[in-house]
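Engineer: Sequence and predicted structure, then a few things I'm wondering about:
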2 protein chains.
Amino acid sequence: MALLGIDLGGTKLALAVFDEKGSLQYHNKIPLKDATGKCVGNLITDQIAKVLSTGNYSISAVGISVPGIYRKKTGTVWAPNIDGWNDYPLLQEVKEVCKEIPVVIDSDRACYILGEAWMGNAKGCRDAIFLAVGTGIGAGIMIDGKVLRGSNDIAGAIGWMALTKPFSNDFIHCGCFEYFASGEGIANRTRQIIQDNKDYSGELTAKAIHEITSHDVFVAFENHDWLAKKVIKTAVECWGMAIANLVSLFNPEKIILGGGVFGPAISLIPAIKKEATKWAQPISITQVSVEPSALGNDAGVYGAGFLALKNSI
Amino acid sequence: MALLGIDLGGTKLALAVFDEKGSLQYHNKIPLKDATGKCVGNLITDQIAKVLSTGNYSISAVGISVPGIYRKKTGTVWAPNIDGWNDYPLLQEVKEVCKEIPVVIDSDRACYILGEAWMGNAKGCRDAIFLAVGTGIGAGIMIDGKVLRGSNDIAGAIGWMALTKPFSNDFIHCGCFEYFASGEGIANRTRQIIQDNKDYSGELTAKAIHEITSHDVFVAFENHDWLAKKVIKTAVECWGMAIANLVSLFNPEKIILGGGVFGPAISLIPAIKKEATKWAQPISITQVSVEPSALGNDAGVYGAGFLALKNSI
């Protein structure tokens, strides 16, 4: 039995063929370049057709991870970073090329936790959560082996978590948690504090203010820059509080930290767990392990492979 | 087919027989008086034996709601308000009297949402949450028709939700959300503000300070007492933020507000929804309905009946 996993990102398409034990048989990455709308759909179906036509693998199911929301009832995808993908009929298009081979689609955050549960740091877990901190923040939540979808497929929107009063109009476009602790949030908070502190002359002044990235902030943090330390301290508090809330609500076995920010923030995990321990239900926090992603950028394609496996039986 | 639902509370035992459509055939309430430990267990088994021995009903399953945590793997109960119930072997004792009739046990918060889903305001829902605000705060969370248990049966401990920085040592014993917005939290915050405001001469001075209850605070709030308004305003903010977080994470169809505080706080639901709308994922909040409990004190016994129904097929 072979499983085809596909991970559509905002800038690239990754394909992988696995055996049922998760061993990688084939792997390929294709840049999207500036493809939009139907061209992205065609790229996916062409690549699937190519793998199927080689005859090298007996593909028994196809799984696809998409960067946004998968609407299960209609088989359509909302992907904010792909032009023309407000309600894209991906399931139908892929079914045409896959014919009798079953196809399953889910959101990237759902696939991240499935990937870690299959072949990463949540291996063997039934109740685990992937907290993906990149440009934005999302959570893939697995309960008793199944991904939480919600009544309309938008569960796990943890970037909107309310973590501190008072409400600010700055939270309207991204949510309180993202405002303070996403990659973009960290860069934006840094720029704001530089503008509010005209006498700041640290290393973050080396670049034009609008070019500062969260990566720059982490480098400055490692160099004990006070301004970077202030921004990262707030982010650590927010990550800790959010993890505490996941622990109190879900009582999971593991929380996996991934996305571009974990990455450089992996060294902060002990401080984050310490912060979470202050707030969380005191028994539940002793039952959870907080760990970095084992699969990194491949979590999505592994999760897509696991989606396929679950649907191939 | 008849179903026996049993709701063990901190001060009384309720029993009800339902048909499979949820229609009530028999109902009885028995005060626990000062019963503890094994006496409470005996009361439950005696009452079950009594219902079974009448021969009036053909009981096909028994469901039991317990005021604490039900440990599914061991069949034991932790009930903090019943002396000697740290790890009480309830399943085994009840099985002895029920013989071949199946028995299911779950926590009160799990039963509250099941009761509302069966015969109350969440009727027909697959994804709904009961937020129980009484002395403490807990949540019964139903996902695709099944109650969320977590890896060790303590999911839904929402009283520990982190809602505002900075962390205070006052949160250590009860959690941040409970500190500000449980019945006990509301009474305690009121007492504290009275002590901090020696010139306060409003209606809440009519009682000795340690005798003030959350009910007194709601009465003063209705009478526009400034101190009560201040305490309730904070509670409304916390209820709104907590509901926002449930909405962003779970994308539920309904959130049901119950427990002793809802009750008097029912009239505040529009203000709470308005607060939640500020913080929550903006699409998800339009898809949820926030409503009071339809079953009030009977939610637990109805939920126990529904537990039995689900296990009788």
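Structural biologist: Happy to help now that I have it.

Engineer: Around the nearest residue to A:Val66 once chain neighbours are set aside, count how many other residues there are.
Structural biologist: If you skip the residues right next to it in sequence, A:Val66 has A:Val77 as its closest partner in space, 4.8 Å away by CB to CB, 6 or more residues apart in numbering or on different chains. C-beta: built from backbone N, CA, C; applies to glycine. Residues near A:Val77, counting by other CB atoms under 10 Å in any protein chain shown, number 25.

Engineer: Pull up the gap between A:Val77 and A:Gly37, please.
Structural biologist: Counting by CB to CB, to the nearest Å, the gap between A:Val77 and A:Gly37 amounts to 12 Å.

Engineer: List the beta-bridge partners for A:Val77.
Structural biologist: Residues found in beta-bridge contact with A:Val77 (criterion: DSSP bridges) are A:Tyr70, A:Tyr88.

Engineer: nope, A:Ile141 is what I meant
Structural biologist: Here A:Ile141 sits in beta bridges with A:Ile129, going by DSSP bridges.

Engineer: What residues does it make contact with?
Structural biologist: Under the criterion of CB atoms under 8 Å, 6 or more residues apart in numbering or on different chains, the neighbours of A:Ile141 are A:Ile113, A:Ile129, A:Val147, A:Leu148, A:Ala155, A:Gly156, A:Phe250, B:Leu249.

Engineer: what's the answer for A:Cys238, then?
Structural biologist: Here A:Cys238 is in contact with A:Leu163, A:Phe177, A:Phe180, A:Ala181 (CB under 8 Å, 6+ apart).

Engineer: before we move on, the earlier item: could you pick out which of the contacts of A:Ile141 are located in helices?
Structural biologist: Cross-referencing those with the helices (criterion: DSSP state H) gives A:Ile113, A:Phe250, B:Leu249 as the overlap.

Engineer: Any of those buried? List them.
Structural biologist: A:Ile113, A:Phe250, B:Leu249 (16 or more other CB atoms under 10 Å in any protein chain shown).

Engineer: What count of nearby residues applies to A:Ile101?
Structural biologist: Neighbour count of A:Ile101, defined by other CB under 10 Å: 18.

Engineer: Now do the SS call for it.
Structural biologist: Of the three states, A:Ile101 takes coil under DSSP: H, G, I helix; E, B strand; the rest coil.

Engineer: For it, grab phi and psi.
Structural biologist: Backbone torsions of A:Ile101, given as degrees, to the nearest 10, read phi -80, psi 130.

Engineer: quick one: pLDDT of it?
Structural biologist: Looking at A:Ile101, its pLDDT reads 96.

Engineer: Relative to A:Val94, how far out is it?
Structural biologist: As for A:Ile101, its distance to A:Val94 is 10 Å (criterion: CB to CB).

Engineer: what residues are shared contacts of the two?
Structural biologist: Common neighbours of A:Ile101 and A:Val94, using CB under 8 Å, 6+ apart, are A:Val62.

Engineer: Make CSV from the ones in helices among the contacts of A:Ile141 and add distance to A:Ile82 and pLDDT to it.
Structural biologist: As requested, these are arranged in CSV below (distance: CB to CB, whole Å; pLDDT from 0 to 100):
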residue, distance to A:Ile82, pLDDT
A:Ile113, 22, 98
A:Phe250, 31, 98
B:Leu249, 25, 98
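
Engineer: separation between the residue nearest to the spatial centre of chain A and A:Val104?
Structural biologist: Within chain A, one residue has its C-alpha closest to the average C-alpha position: by CA atoms, centre = their mean, that is A:Ala132, at 3.8 Å. The span separating A:Ala132 from A:Val104 equals 20 Å under the rule CB to CB.

Engineer: Poorly predicted segments of chain A, please.
Structural biologist: Along chain A, segments meeting pLDDT under 70 span A:313.

Engineer: Strands of that one, start to end?
Structural biologist: Assigned strands in chain A, in chain order: A:2-8, A:12-19, A:24-31, A:59-66, A:69-71, A:76-78, A:103-107, A:128-133, A:137-143, A:146-147, A:254-258, A:289-292 (criterion: DSSP state E).

Engineer: correct me, but A:Thr213 touches A:Ala187?
Structural biologist: Yes. Applying CB atoms under 8 Å as the test, A:Thr213 and A:Ala187 come out as touching, 5.5 Å apart.

Engineer: Give me the more crowded residue out of the two.
Structural biologist: Under the neighbour definition other CB under 10 Å, A:Thr213 and A:Ala187 were set side by side, and A:Ala187 has more, 21 against 15.

Engineer: contacting residues for that one?
Structural biologist: Contacts were defined as CB under 8 Å, 6+ apart; by that measure A:Ala187 touches A:Ile212, A:Thr213, A:Ser214, A:Asp216, A:Val217.

Engineer: nearest spatial neighbour of it, skipping sequence neighbours?
Structural biologist: Across the structure, with CB to CB, 6+ apart as the measure, the residue nearest A:Ala187 apart from its sequence neighbours is A:Ser214 (5.0 Å).

Engineer: separation between the one you found and chain B?
Structural biologist: 21 Å (CB to the nearest CB, to the nearest Å).

Engineer: What is the burial count for that residue?
Structural biologist: Number of residues near A:Ser214 (other CB under 10 Å) recorded here: 28.

Engineer: go on, the one 10 residues further on?
Structural biologist: Here the count is done by other CB under 10 Å, and A:His224 has 9 residues near it.

Engineer: go on, A:Phe177?
Structural biologist: Close neighbours of A:Phe177, defined as other CB under 10 Å, add up to 30.

Engineer: residue boundaries of the helices in chain A?
Structural biologist: Assigned helices in chain A, in chain order: A:37-54, A:90-98, A:108-119, A:176-181, A:183-196, A:214-222, A:226-250, A:269-279, A:299-310 (criterion: DSSP H).

Engineer: is it possible to export the ones you listed to CSV including distance to B:Ile6?
Structural biologist: Rendered in CSV, the data for the helices of chain A read as follows (distance: least, CB to CB, whole Å):
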stretch, distance to B:Ile6
helix A:37-54, 54
helix A:90-98, 46
helix A:108-119, 37
helix A:176-181, 41
helix A:183-196, 49
helix A:214-222, 54
helix A:226-250, 27
helix A:269-279, 35
helix A:299-310, 37
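
Engineer: Identify the residue nearest the residue of the stretch 51-200 of chain A found nearest chain B in space, chain neighbours excluded?
Structural biologist: Here the residue of the stretch 51-200 of chain A nearest chain B is A:Gly150; by CB to the nearest CB that distance is 2.5 Å. Nearest in space to A:Gly150, with sequence neighbours left out and distances taken as CB to CB, 6+ apart, is B:Asn251 at 2.5 Å.

Engineer: list the contacts for the one you found?
Structural biologist: For B:Asn251, the contacting residues are A:149-155, A:157, B:127, B:281, B:284, B:287-288, by CB under 8 Å, 6+ apart.

Engineer: same thing with A:Asp106?
Structural biologist: Contacts here follow CB under 8 Å, 6+ apart; on that basis A:Asp106 touches A:Gly63, A:Ile64, A:Ser65, A:Val66, A:Tyr70, A:Leu114, A:Val147, A:Gly303, A:Leu307.

Engineer: partners of it in the sheet?
Structural biologist: For A:Asp106, the residues forming beta bridges with it (DSSP bridges) are A:Ser65.

Engineer: Against A:Lys146, how distant is it?
Structural biologist: In this structure, A:Asp106 and A:Lys146 are 11 Å apart, going by CB to CB.

Engineer: A:Ala276 too?
Structural biologist: A:Ala276 sits 25 Å away from A:Lys146, taking CB to CB as the criterion.

Engineer: just A:Val40 next, same as before
Structural biologist: With distances taken as CB to CB, A:Val40 is found 28 Å from A:Lys146.

Engineer: which one of these two has more residues nearby?
Structural biologist: When A:Val40 is set against A:Lys146 and neighbours are counted by other CB under 10 Å, the residue ahead is A:Val40, at 20 against 15.
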